[in-house]
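Enquirer: Pasting the sequence and the predicted model now:
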Amino acid sequence: MIKERKSTPADLIYLAENMRQADIDEAWALDHSTPAEAIASAVLLTDFPKTAVGGDGKLLAMWGVASETRSSLVGVPWMLSSNDLSQKHIVEFARRSAANAIMLKNQYAALYNFVDARHTLAVRWLGWMGFKIYRPIPFGADDLLFHVFFWGDTECVVQH
């Protein structure tokens, strides 16, 4: 059974040492961040970072939503996963993700971020959760292809 809890400093260390290769590649392509830098920057911009752990207590993923300002209605969701997230977790993880997406959609007028086009599993998962996936564009430190994913009120983003 997967449990969610508030992230701890030990979670950051564990995930930095056990991050999935697709997430490592995405962090590097975005801004040449190491796993530790990617986690630290995401957590610093997030009010309530969460950690998902499996029934065996192993960290599966960390996630959260960064806001551009404290009063912002526009959120920037992120997730970084560990090598411990496996097929045996996929159905429950998907259900929890969908429930969390609904919760976030009730808290924000819009949610958006970029996802590495090479990370096809993440692209499919985001589409399944109801995000609109845009055509890939060159982005990041090396101008590799990234998709913008978006949900919500476009007018809110334009006014923001």
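Expert: Cool, the structure landed.
Enquirer: ok, residue 48 - how many residues close by?
Expert: 8 (other Cβ atoms under 10 Å). C-beta here means a position set from N, CA and C on the backbone, and glycine is covered the same way.
Enquirer: so what's it up against?
Expert: Going by Cβ atoms under 8 Å, 6 or more residues apart in numbering, residue 48 touches 6, 64.
Enquirer: Let me know the next secondary structure element after the lengthiest helix in the chain.
Expert: Across the chain, the longest stretch assigned as helix under DSSP state H is helix 90-107. Later in the chain than helix 90-107, the nearest helix or strand by DSSP states H and E is strand 110-116.
Enquirer: Remind me what the helix or strand that comes right after that following strand packs against, helices and strands.
Expert: Where DSSP H and E defines the elements, the next helix or strand beyond strand 110-116 is helix 120-128. Counting contacts by 3 or more Cβ pairs under 8 Å, 6 or more residues apart in numbering; DSSP states H and E, helix 120-128 packs against helix 21-31, helix 90-107, strand 110-116, strand 132-133, strand 144-152.
Enquirer: Residues touching the last one, excluding its own?
Expert: Read it as strand 144-152. 29-30, 74, 101, 105, 108-118, 123, 126-127, 130-140.
Enquirer: tell me which residues of that strand are tucked away?
Expert: For strand 144-152, burial by neighbour count (16 or more other Cβ atoms under 10 Å) applies to 144, 146-152.
Enquirer: Quick check: residue 53 vs residue 64, distance?
Expert: Distance check for residue 53 against residue 64: by Cβ to Cβ, to the nearest Å, it reads 15 Å.
Enquirer: Compare the two (neighbour count), which wins?
Expert: Remark: of residue 53 and residue 64, residue 64 carries more neighbours, 22 against 18, as counted by other Cβ under 10 Å.
Enquirer: List the residues that contact the closest residue in space to the more buried one that isn't next to it in sequence.
Expert: Nearest non-adjacent residue to residue 64, counting by Cβ to Cβ, 6 or more residues apart in numbering: residue 46, 3.5 Å away. Each residue near residue 46 by Cβ under 8 Å, 6+ apart is listed here: 64-66, 78.
Enquirer: I'd guess residue 130 is in a strand, am I close?
Expert: No. Counting by DSSP: H, G, I helix; E, B strand; the rest coil, residue 130 falls outside a strand, being coil.
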